[in-house]
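Visitor: dropping a prediction and its sequence here:
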Amino acid sequence: MLRAIVHGLRRLTRRPKADRALDDEIAQFLEMSAEQYMRAGLSRADAERAARLDFGGIETAKTRVRQ
(Lines give C-alpha, C1' and ligand atoms only; values in the text may rest on other atoms or scores of the structure.)
Protein backbone atom coordinates (compact mmCIF):
# COMPACT_ATOMS: atom_id res chain seq x y z
CA MET A 1 0.00 0.00 0.00
CA LEU A 2 2.72 2.46 0.97
CA ARG A 3 4.70 1.54 -2.12
CA ALA A 4 1.69 2.36 -4.33
CA ILE A 5 1.25 5.72 -2.62
CA VAL A 6 4.93 6.60 -3.04
CA HIS A 7 4.82 5.53 -6.70
CA GLY A 8 1.71 7.66 -7.25
CA LEU A 9 3.34 10.69 -5.65
CA ARG A 10 6.43 10.26 -7.81
CA ARG A 11 4.29 10.18 -10.93
CA LEU A 12 2.54 13.36 -9.86
CA THR A 13 5.79 15.21 -9.32
CA ARG A 14 7.37 13.98 -12.54
CA ARG A 15 4.41 14.60 -14.82
CA PRO A 16 4.64 18.39 -14.76
CA LYS A 17 8.30 18.11 -15.74
CA ALA A 18 7.39 15.83 -18.64
CA ASP A 19 4.57 18.17 -19.64
CA ARG A 20 6.94 21.13 -19.66
CA ALA A 21 9.40 19.19 -21.80
CA LEU A 22 6.64 18.31 -24.25
CA ASP A 23 5.44 21.92 -24.34
CA ASP A 24 9.01 23.04 -25.07
CA GLU A 25 9.38 20.54 -27.91
CA ILE A 26 6.10 21.63 -29.49
CA ALA A 27 7.04 25.29 -29.16
CA GLN A 28 10.40 24.66 -30.81
CA PHE A 29 8.76 22.77 -33.65
CA LEU A 30 6.21 25.53 -34.19
CA GLU A 31 8.93 28.18 -34.14
CA MET A 32 11.02 26.33 -36.73
CA SER A 33 7.97 25.84 -38.92
CA ALA A 34 7.01 29.51 -38.63
CA GLU A 35 10.55 30.54 -39.56
CA GLN A 36 10.28 28.47 -42.74
CA TYR A 37 7.04 30.24 -43.62
CA MET A 38 8.61 33.64 -42.95
CA ARG A 39 11.51 32.78 -45.25
CA ALA A 40 8.87 32.01 -47.87
CA GLY A 41 7.51 35.54 -47.45
CA LEU A 42 4.71 35.33 -44.87
CA SER A 43 4.40 37.85 -42.07
CA ARG A 44 5.20 36.66 -38.56
CA ALA A 45 1.52 36.40 -37.60
CA ASP A 46 0.59 34.54 -40.78
CA ALA A 47 3.60 32.25 -40.46
CA GLU A 48 2.71 31.34 -36.86
CA ARG A 49 -0.89 30.69 -37.86
CA ALA A 50 0.20 28.48 -40.78
CA ALA A 51 2.56 26.53 -38.51
CA ARG A 52 -0.23 25.90 -35.98
CA LEU A 53 -2.59 24.80 -38.74
CA ASP A 54 0.03 22.40 -40.13
CA PHE A 55 0.70 20.97 -36.69
CA GLY A 56 -2.94 20.41 -35.88
CA GLY A 57 -4.46 20.23 -32.42
CA ILE A 58 -1.81 20.70 -29.77
CA GLU A 59 -3.78 18.99 -27.01
CA THR A 60 -4.55 16.06 -29.33
CA ALA A 61 -0.85 15.70 -30.09
CA LYS A 62 0.01 15.80 -26.38
CA THR A 63 -2.52 13.08 -25.67
CA ARG A 64 -1.07 10.87 -28.41
CA VAL A 65 2.45 11.32 -27.06
CA ARG A 66 1.37 10.49 -23.50
CA GLN A 67 -0.34 7.30 -24.65
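Guide: Received, thanks. All values reported here derive from a predicted model rather than from experimental measurement.
Visitor: quick one: low-confidence parts of this structure?
Guide: 1-2, 4-15 (pLDDT under 70).
Visitor: again, 80 this time
Guide: Confidence mapping of the chain against pLDDT under 80 gives the ranges 1-18, 66.
Visitor: show me where it has its helices.
Guide: All helices of the chain, identified by DSSP state H, fall at 2-39, 44-55, 58-66.
Visitor: reformat those helices as CSV; add mean neighbour count.
Guide: Yep, even glycine has a C-beta here, placed from its N, CA and C like the rest. As requested, the helices of the chain are exported to CSV (neighbours: other Cβ atoms under 10 Å):
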stretch, mean neighbour count
helix 2-39, 12
helix 44-55, 14
helix 58-66, 11
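Visitor: how about R44, what does it touch?
Guide: By Cβ atoms under 8 Å, 6 or more residues apart in numbering, R44 lies in contact with 34, 38.
Visitor: any idea how far A18 is from R49?
Guide: 28 Å (Cβ to Cβ, to the nearest Å).
Visitor: now swap in A45 and tell me
Guide: Distance, A45 to A18, by Cβ to Cβ: 31 Å.
Visitor: what do you get for T63?
Guide: T63 sits 13 Å away from A18 when distances are taken as Cβ to Cβ.
Visitor: contacts only, for S33.
Guide: Going by Cβ under 8 Å, 6+ apart, the list of residues near S33 reads 50-51, 54-55.
Visitor: go again with 6 Å.
Guide: A51 (Cβ atoms under 6 Å, 6 or more residues apart in numbering).
Visitor: measure it to R44 for me?
Guide: From S33 over to R44 the distance is 13 Å, taken as Cβ to Cβ.
Visitor: can you check P16 too?
Guide: With distances taken as Cβ to Cβ, P16 is found 30 Å from R44.
Visitor: repeat for R3
Guide: The spacing between R3 and R44, counted by Cβ to Cβ, is 51 Å.
Visitor: also K62?
Guide: Distance, K62 to R44, using Cβ to Cβ: 25 Å.
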